[in-house]
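Q: can't give you the sequence, but here's the structure:
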């Protein structure tokens, strides 16, 4: 079974631009979560989608948004990019996500650099 | 609120020796605990999880973890370290009251296995 895939793997943008990242979950997984990883803040939860609905959201500004499609693929969008948005963005999929015991499987990440 | 602490930024172990990577947690309800490993420029790989039952959990690549409720700890162990085990290790938690909230991660521990 193929793992979680994320595209693109690397992105370079300038301040003020917006960016869209894509995630395809493991086949059969219906929950997709997004995380931001930075050297200073570590791994932080952004949001989680299930059945095309955002089910939970972390403590990030409204510039960070996402959506999920009927095939469970997900996109996240960051508008008005700031230098501090430079990070590795990780997507994780799980079967249903709601059970705390559900294991999340991570993709390789998208490395975003904001200049 | 749930939290995870990994008290050591770095652990150095000689190849062939046993290794331990420490993790302590704080949750309001029953803890669900996870260990992930990250290699350079890669996403997180799932190693093992504790849900309930036996306090010793066995996982991938010969790793195991010991859950200790009284000490609120979930230390990762391996009887004999390999150079290829060198990587960044993350402990994570979800508590039963967290529902579909994301995982809360520790800051990570760099494990360095010396030949």
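A: Sure, I can see it. Note that the structure is a prediction, hence the values are computed from the model and not measured.

Q: what residues does chain A have near chain B?
A: A:4, A:6, A:31, A:33, A:35, A:42-43, A:45-48, A:50, A:55-56, A:58, A:90, A:92, A:97-98, A:100-101, A:103-109, A:111 (CB under 8 Å from any CB of the partner chain). Where C-beta positions appear, they are placed from N, C-alpha and C, glycine not excepted.

Q: same thing but at 6 Å, please
A: Within reach of chain B by CB under 6 Å from any CB of the partner chain, chain A has these residues: A:33, A:42-43, A:45, A:48, A:55-56, A:90, A:97-98, A:100-101, A:103, A:106-109.

Q: quick one: the strands in the chain?
A: Because you didn't say which chain, this covers chain A. Listed in chain order, the strands found in chain A under DSSP state E are A:5-7, A:10-13, A:19-24, A:31-38, A:42-50, A:53-57, A:64-68, A:74-78, A:87-94, A:105-106, A:110-114.

Q: wait, I meant chain B there
A: B:3-5, B:10-14, B:19-21, B:24-26, B:31-38, B:44-50, B:56-58, B:64-68, B:73-78, B:87-95, B:104-105, B:109-114.

Q: burial of the closest residue to chain A within chain B, as a residue count?
A: When distances are taken as CB to the nearest CB, chain B reaches nearest to chain A at residue B:102, 2.9 Å away. When counting by other CB atoms under 10 Å in any protein chain shown, one arrives at 23 neighbours for residue B:102.

Q: what's the distance between it and residue A:36?
A: Residue B:102 sits at a distance of 11 Å from residue A:36 (criterion: CB to CB, to the nearest Å).

Q: output the below-cut-off pLDDT ranges for chain A.
A: Along chain A, segments meeting pLDDT under 70 span A:97-98.

Q: residue of chain A with the smallest distance to chain B?
A: Closest contact between chain A and chain B, by CB to the nearest CB, is at residue A:45 (2.9 Å).

Q: shouldn't that residue be in contact with residue A:58?
A: Yes. Counting by CB atoms under 6 Å, residue A:45 does reach residue A:58; the two are 4.0 Å apart.

Q: the more surrounded of those two?
A: Neighbours around residue A:45 and residue A:58, counted as other CB under 10 Å, are more numerous at residue A:45. The numbers are 20 against 17.

Q: OK, contacts around the more buried one?
A: Residues touching residue A:45, when contacts are defined by CB atoms under 6 Å, 6 or more residues apart in numbering or on different chains, comprise A:35, A:58, B:102.

Q: what of residue B:107?
A: Remark: with contacts taken as CB under 6 Å, 6+ apart, residue B:107 is in contact with A:42, B:6.

Q: likewise residue B:33?
A: In this structure, residue B:33 makes contact with B:50, B:74, B:93, judged by CB under 6 Å, 6+ apart.

Q: same thing but 7 Å
A: With CB atoms under 7 Å, 6 or more residues apart in numbering or on different chains as the criterion, the residues that contact residue B:33 are B:25, B:49-50, B:67, B:74, B:91, B:93.

Q: these into JSON lines, with extra columns for pLDDT?
A: Formatted as JSON lines, the contacts of residue B:33 follow (pLDDT from 0 to 100):
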{"residue": "B:25", "pLDDT": "95"}
{"residue": "B:49", "pLDDT": "95"}
{"residue": "B:50", "pLDDT": "94"}
{"residue": "B:67", "pLDDT": "96"}
{"residue": "B:74", "pLDDT": "98"}
{"residue": "B:91", "pLDDT": "98"}
{"residue": "B:93", "pLDDT": "92"}
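
Q: what subset of those residues is also close to chain A?
A: Checked against chain A using CB under 7 Å from any CB of the partner chain, the contacts of residue B:33 give the following subset in range: residue B:49.

Q: kind regards, and thank you for your time.
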